[in-house]
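>>> generate a structure from the sequence data that follows.
(one chain, ligands or ions: 1)
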Amino acid sequence: MLLHPKAGRNAVESLSRAAHIWYYAASLVIVVLVARHVVHVVFQGQHTRPLEITFFAVLAAYVHGPLRTDHEYYAAAARRGLQTARALKDNVMLQTRRETLEYTGNTFVHGIFPRWMSCITTDEPENVKAVLSSRFEDWALPEMRIKSFLPVLGKHSIFTTNGAEWQHSRAILRPAFVRDQISDLACIDRHVNKLIAHIRASITATPVIDLQALFSMMTTDSISDFMLGQSTDLLGGDAPQDSYTFGRYFDESMQKIAWRARLGWLTMLRADPELDEYSAFMRAFVKRFVSDVRDKSGMKNVDTRKYVFLDELLKSGESDEVICDHLLSIFTAGRDTQTSVLSYLFFELSRRPDIVATIRAEIKELGREDPTWEDLRNMKYLNWVLKEALRLNPPVASNQREAVRDTVLPVGGGADGKAPVFVKKGTNLRYLPWVMHRRKDIFGDDADEFRPERWEDLRVTFEYLPFNAGPRICIGQQFALTQMALITFRLLQAFKTIERRDDRPPIQKLGVNLSMLYGCLVSLTPA
Ligand code: HEM
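Numbering: from 1, shown residues only. Have a look, this model is predicted:
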């Protein structure tokens, strides 16, 4: 494989002899514990002692060899594992990856534990283009990522399938997004108005509000309304307990999924009954709506004229189980992504009164209280602001694919890092929109600054990928952009200032989507 000369420079570093012995002993203990667990799971507690002993003996013999001869590699892997865990704990993972890429060049190849697996990390637009578009057929969602989402989204989800099954899911979902433009403005408007009423009502008693928490409630309400025809109505204040439980279980599940995705095959060693309980609840919650809509006579208080995603979905003729997989997937795709962008955007606005004033001037200039879909699309400055928020904090900050056949990346190899890189089937590739969007050689020396004006003459293709690209590009891109534009419009119509009320440094937490670790604490002044 052709490598950039600096690639893997710090991959194997010498360790003291004592560290090797400790590492070796610890590895053996882990192997024995893992093997015990596997035997227990496979034989479900049956009387298995002779079998267990044979299994341990074979496994120990198998693992002992590579560990002894390769202990430097495994010790370095363990050390890097600890560094990664620390970076995750301190929420500096993205920054760490950025520094690594700046040091190694824009593409580097490294081994991942166990040794026979290798991984490529890149923030190179040319390479990302090959993976997502020009050589799309050579890449798929990694098996481990699919496994981590499976308990919540099911096996028919657009996020847990590849190849023909994925094409089928996409073909079912796509038509449901065609006529979103008109009716969805009315849907999101209902919920943003509830948000504004909620803030106004609570503003005297609680002047400091966490916008992130409120955006999360609002997106739960608006997506359930759009999808199911009935809102969870968390912002309405008197939602049934089930709605709150659904929202809470959803949050918890996303956190668990993020951990499962990180731990990879290790997650298979431990069952997670809590996650199973959350999934069962969420599935039952959504299924009730499916049954209701199948039997229209059972529906109460439903405006039959409005567009409901589930109605469209049912036209596919799929079973309830498949429909539930799709609904939970759209929930996953649409809720936390928009919450993430809006929370970060309003955090920026809370320290940039100049930007608030410019958007408010643009709203005034429009001269209309109720913007149309076209109005929103044509508001130049408002759209720059959204693009800039998506550049600096794309909710899907890091993403992965796996090579399903031997293939080639256009750049990253050779002495100057410009030669192609051969990629063996099974190689994992991590690409980092968050890092790519902050490359100074692409976006300029002020790449880390929030400067909407840069979009005046910035033309981007694969350097800017908040919604991904190629055949798996986000289906909800236009839907999300319109909704976020309307939410920002309405909030800045209703409130004239936004002030930051938190002295702690803003920290982005890396989960399935980025979120703000301490929320978005602000105070708002009504207009
Ligand atoms: C700011 C908001 C959003 C962002 C930044 C975003 C970003 C993304 C990204 C990066 C992907 C690619 C994931 C991958 O292939 O690994 C994706 C896929 C997808 N998104 Fe979005 N998304 C947003 C909102 C939405 C909304 C509101 C919906 C629907 C209501 C939606 C539906 C989907 C679907 C169905 C896919 C799967 C596409 C496929 O695999 O073929 N997204 N999105």
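
>>> could you use CA atoms for every contact and neighbour count after this?
Fine.

>>> and whichever residue of the stretch 1-150 of the chain sits closest to the ligand, what does it touch?
In the stretch 1-150 of the chain, the residue that lies nearest the ligand is residue 141 (7.1 Å; Cα to the nearest ligand atom). Going by Cα atoms under 8 Å, 6 or more residues apart in numbering, residue 141 touches 160-162, 400-402.

>>> try residue 322
Here residue 322 is in contact with 156-157 (Cα under 8 Å, 6+ apart).

>>> name the element it belongs to?
helix 320-350 (DSSP states H and E).

>>> that helix near the ligand at all?
Yes. Using Cα under 6 Å from any ligand atom as the criterion, contacts between helix 320-350 and the ligand involve 330, 333-334, 337-338, 341.

>>> re earlier: now the contacts of residue 141 as TSV including distance to residue 259 and pLDDT?
Compiled in TSV, the contacts of residue 141 are given as follows (distance: Cα to Cα, whole Å; pLDDT from 0 to 100):
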residue	distance to residue 259	pLDDT
160	17	96
161	20	97
162	22	97
400	15	95
401	18	97
402	19	96
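
>>> what about the residues you listed, which are in strands?
400-402 (DSSP state E).

>>> of those, which is the nearest to the ligand?
With Cα to the nearest ligand atom as the yardstick, the closest approach to the ligand among the ones in strands among the contacts of residue 141 comes from residue 400, at 6.8 Å.

>>> contact partners for the closest one?
141-142, 428-431.

>>> distance of it relative to residue 522?
35 Å (Cα to Cα, to the nearest Å).

>>> assign a three-state SS to the nearest residue to residue 470 once chain neighbours are set aside, would you?
Closest residue to residue 470 apart from its sequence neighbours, by Cα to Cα, 6 or more residues apart in numbering: residue 133 at 4.5 Å. Using DSSP: H, G, I helix; E, B strand; the rest coil, the secondary structure recorded for residue 133 is helix.

>>> also residue 409?
Per three-state DSSP, residue 409 ends up strand.

>>> test my guess that it contacts residue 418.
No. Taking contacts as Cα atoms under 8 Å, residue 409 lies outside contact range of residue 418: 10.3 Å.

>>> pick out whichever of these two has more residues nearby.
residue 409 (19 against 14; other Cα atoms under 10 Å).

>>> now that one, nearest residue through space, not along the chain?
residue 421 (5.1 Å).

>>> what's the neighbour count on that neighbour?
23.

>>> looking at it, it is touching residue 413, isn't it?
Yes. If you go by Cα under 8 Å, residue 421 and residue 413 touch, sitting 5.1 Å apart.

>>> confirm that residue 497 sits in a helix.
No. Counting by three-state DSSP, residue 497 falls outside a helix, being strand.

>>> what pLDDT is listed against it?
Here the pLDDT value assigned to residue 497 is 96.

>>> got it, and residue 47?
On the pLDDT scale, residue 47 gets 54.

>>> cool, and residue 512?
At residue 512, pLDDT is 90.

>>> ok, now how distant is the residue nearest to residue 224 when sequence neighbours are not counted from residue 346?
Distances taken as Cα to Cα, 6+ apart put residue 231 closest to residue 224, at 5.0 Å, once the chain neighbours are dropped. To residue 346, residue 231 is 24 Å away according to Cα to Cα.

>>> residues of the stretch 51-200 of the chain that sit close to the ligand?
Counting by Cα under 6 Å from any ligand atom, the residues of the stretch 51-200 of the chain near the ligand are 158-159, 170.

>>> switch the cut-off to 8 Å
Contact residues (Cα under 8 Å from any ligand atom) of the stretch 51-200 of the chain with the ligand: 141, 158-159, 166-167, 169-170, 173.

>>> what's the closest of those residues to residue 258?
The closest of those to residue 258 turns out to be residue 159 (Cα to Cα; 13.8 Å).

>>> can you read off the pLDDT for the closest one?
Residue 159 is given a pLDDT of 96.

>>> torsion angles phi and psi at residue 490?
phi -60, psi -40 (degrees, to the nearest 10).

>>> residues contacting it?
Contacts of residue 490 (Cα under 8 Å, 6+ apart): 192-193.

>>> from residue 165, how far out is it?
From residue 490 over to residue 165 (counting by Cα to Cα), the distance is 40 Å.

>>> where does residue 343 land on pLDDT?
98.

>>> can you tell me how far it sits from residue 210?
Counting by Cα to Cα - residue 343 and residue 210 are separated by 9 Å.

>>> and what of residue 28?
From residue 28 over to residue 210 (counting by Cα to Cα), the distance is 48 Å.

>>> and residue 262, by the same measure?
28 Å.

>>> just to revisit the earlier point, out of the ones in strands among the contacts of residue 141, which touch the ligand?
Contacts with the ligand are made by 400-401 out of the ones in strands among the contacts of residue 141, judged by Cα under 8 Å from any ligand atom.

>>> turn the ones in strands among the contacts of residue 141 into JSON lines, including distance to residue 215.
Output for these, formatted as JSON lines (distance: Cα to Cα, whole Å):
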{"residue": "400", "distance to residue 215": "27"}
{"residue": "401", "distance to residue 215": "30"}
{"residue": "402", "distance to residue 215": "34"}
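
>>> ok, the ones in strands among the contacts of residue 141 vs residue 471, which is closest?
residue 401 (13.7 Å).

>>> the closest one reaches residue 428, doesn't it?
Yes. Using Cα under 8 Å, residue 401 is in contact with residue 428, at 6.0 Å.

>>> higher neighbour count, the two?
More crowded of residue 401 and residue 428, by other Cα under 10 Å: residue 428, with 26 against 22.

>>> for the more buried one, report the pLDDT, please.
93.

>>> tell me what it is bridged to.
residue 119, residue 402 (DSSP bridges).

>>> residues in contact with it?
Contacts of residue 428 by Cα under 8 Å, 6+ apart are 117-120, 142, 400-403.

>>> ok, of these, which come out buried?
Among the contacts of residue 428, the ones that count as buried by 16 or more other Cα atoms under 10 Å are 118-120, 142, 400-403.
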